[in-house]
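*Asks:* build me a structure from this.
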Amino acid sequence: MATELGPTPVKPASGTPDVHHGPKGVGEDNRILSQGKWASWLLAPTVIALGVVIVYPIISAIVMSFQKDAGLDPVTGLFTAGGPAGIQNYVNWLGQQCAAPGGGTVACPPGTLGGQFWTATGTTFLFTVITVAFETVLGFWMAMIMARTFKGRGLVRAAVLVPWAIPTAVTAQLWLFMFDFNGIINKLFNASILWTGSEWPAKWAVIIADTWKTTPFMALLILAGLQMIPAEVYEASKVDGASAWQRFRLITLPLVKPALMVAILFRTLDALRMFDLPYILTGGANNTTTLSILVINQIRQGFNSAAALSTITFLIIFLVAFIFVRFLGANVVEQSGATGKGKK
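*Replies:* Model prediction:
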């Protein structure tokens, strides 16, 4: 016959009644549940605001991208209010197809917006790769200098951040004056270059201006990573006889890598959305049109096709971000797994 066991009585001191201990953790669980509810209520306004500001525009753009633009029907000559287009807008952009006068589509003539998609995509990635590479190298060098202890370090750090603090539109106009034929750049190097008058000078003008503008951002993030490295690590390496190059390669780079990869990710996503700097500096001429500039120019001709192009741009940026995050996440998993195996 089974006997039901209750809480075990604790033998008290003489003269005091028996004390029975109830189940532990009930009060703590209730407190955690209450805190979780409060956290949900506190986060709800932020989640709703993000949904209105981010999610709704994305869904709206995707819905619009599957609609035809209002305009004259090339067959009947009558005005049409649009209607379902399926994936035709995406096919037109990816295949660089334009509407034919007699109906259907043909290859877009050179110079039209529809014929600039792949050129604008290549230009966008060209600007992204070159500017991010330059900014990473220069930003790392500036961060290494600012991480040292010297007189006037605070003033140097403040001065370095000035280009990043200037609005991009002001930066673009400033460099436009400097890249003028009679500007300071040509005077300084005794050159006669039309910086915004031909393809490669115009591209290098955008690259130089963007590098000057955003290198402080990279330096700031990398500096934060450098300051997380304990000084004792460097002191121990010096005692062991490690050279400056060995300390940089074996200590600084591995330990600053997480902050460095985050900085590169942020800067890459920002560069893929580049608009105002090339738009003000060159107006998108001489093959300096980026995907963002192409979207803005297309809005003037049709919102729905521009929505399709903006959705394609969003997918490209999302794919790049996914690759970066997946790459970083794989490293974290491997490191944690290796650590766990080492402890067993």
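*Asks:* would you mind listing where the stretch 101-250 of the chain has pLDDT under the threshold?
*Replies:* Applying pLDDT under 70 to the stretch 101-250 of the chain flags residues 103.
*Asks:* tell me where it has helices.
*Replies:* In the stretch 101-250 of the chain, the helices defined using DSSP state H, counting those that start in this stretch lie at 117-146, 153-160, 162-165, 168-178, 184-189, 199-226, 231-239, 244-247.
*Asks:* which of those helices is buried the deepest?
*Replies:* helix 199-226 (a mean of 20; mean count of other C-beta atoms under 10 Å). All C-beta atoms are positioned from the backbone trio N, CA, C, and that covers glycine.
*Asks:* and it, what does it pack onto?
*Replies:* helix 117-146, helix 162-165, helix 168-178, helix 253-272, helix 276-281 (3 or more C-beta pairs under 8 Å, 6 or more residues apart in numbering; DSSP states H and E).
*Asks:* quick revisit: out of the helices of the stretch 101-250 of the chain, which comes closest to Thr289?
*Replies:* For Thr289, the closest of those is helix 117-146, at 4.8 Å, according to C-beta to C-beta.
*Asks:* chain center to the closest one: distance?
*Replies:* Relative to its parent chain, helix 117-146 has a centroid offset of 12 Å by C-alpha atoms, centre = their mean, to the nearest Å.
*Asks:* check which helices and strands it sits against.
*Replies:* Right, helix 117-146 is packed against helix 153-160, helix 199-226, helix 253-272, helix 291-299 by 3+ C-beta pairs under 8 Å, 6+ apart.
*Asks:* buried residues in the third one?
*Replies:* Translated: helix 253-272. Buried residues in helix 253-272, counted by 16 or more other C-beta atoms under 10 Å: 255-256, 259-265, 267-268, 270-272.
*Asks:* quick one on the thing from earlier: any chance of a markdown table for the helices and strands packed on helix 199-226, columns distance to Glu199?
*Replies:* A markdown table is the format used below for those (distance: least, C-beta to C-beta, whole Å):
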| stretch | distance to Glu199 |
| --- | --- |
| helix 117-146 | 10 |
| helix 162-165 | 26 |
| helix 168-178 | 17 |
| helix 253-272 | 19 |
| helix 276-281 | 13 |
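*Asks:* who wins for proximity to Phe217 among these?
*Replies:* Nearest of the helices and strands packed on helix 199-226 to Phe217, taken as C-beta to C-beta: helix 162-165 at 5.1 Å.
*Asks:* if we can go back for a sec, turn the helices and strands packed on helix 117-146 into TSV, including distance to Met142.
*Replies:* Below are those laid out as TSV (distance: least, C-beta to C-beta, whole Å):
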stretch	distance to Met142
helix 153-160	6
helix 199-226	4
helix 253-272	12
helix 291-299	28
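*Asks:* out of these, nearest to Gln246?
*Replies:* When the helices and strands packed on helix 117-146 are compared by C-beta to C-beta, helix 253-272 sits nearest Gln246, at 10.9 Å.
*Asks:* packing partners for that closest one?
*Replies:* By 3+ C-beta pairs under 8 Å, 6+ apart, helix 253-272 packs against helix 117-146, helix 199-226, helix 303-343.
*Asks:* now tabulate these in JSON lines and tack on distance to Leu155.
*Replies:* Listed next are those as JSON lines, based on distance: least, C-beta to C-beta, whole Å:
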{"stretch": "helix 117-146", "distance to Leu155": "11"}
{"stretch": "helix 199-226", "distance to Leu155": "14"}
{"stretch": "helix 303-343", "distance to Leu155": "34"}
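*Asks:* OK, contacts around the residue nearest the centre of the chain?
*Replies:* In the chain, the C-alpha nearest the mean C-alpha coordinate belongs to Leu269, at 2.8 Å (C-alpha atoms, centre = their mean). Contacts for Leu269 (C-beta atoms under 8 Å, 6 or more residues apart in numbering) come out as Ile317, Val320, Ala321.
*Asks:* now a ChimeraX select for only the buried ones of those residues.
*Replies:* Those of the contacts of Leu269 that count as buried under 16+ other C-beta under 10 Å are selected in ChimeraX with:
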select :317,320
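*Asks:* and which of the contacts of Leu269 is nearest Tyr90?
*Replies:* Ile317 (16.3 Å).
*Asks:* pretty sure Ala308 contacts Leu94?
*Replies:* No - under the criterion of C-beta atoms under 8 Å, Ala308 is not in contact with Leu94, lying 9.6 Å apart.
*Asks:* who has more neighbours, those two?
*Replies:* Using other C-beta atoms under 10 Å, the more surrounded residue of Ala308 and Leu94 is Ala308, with 29 against 13.
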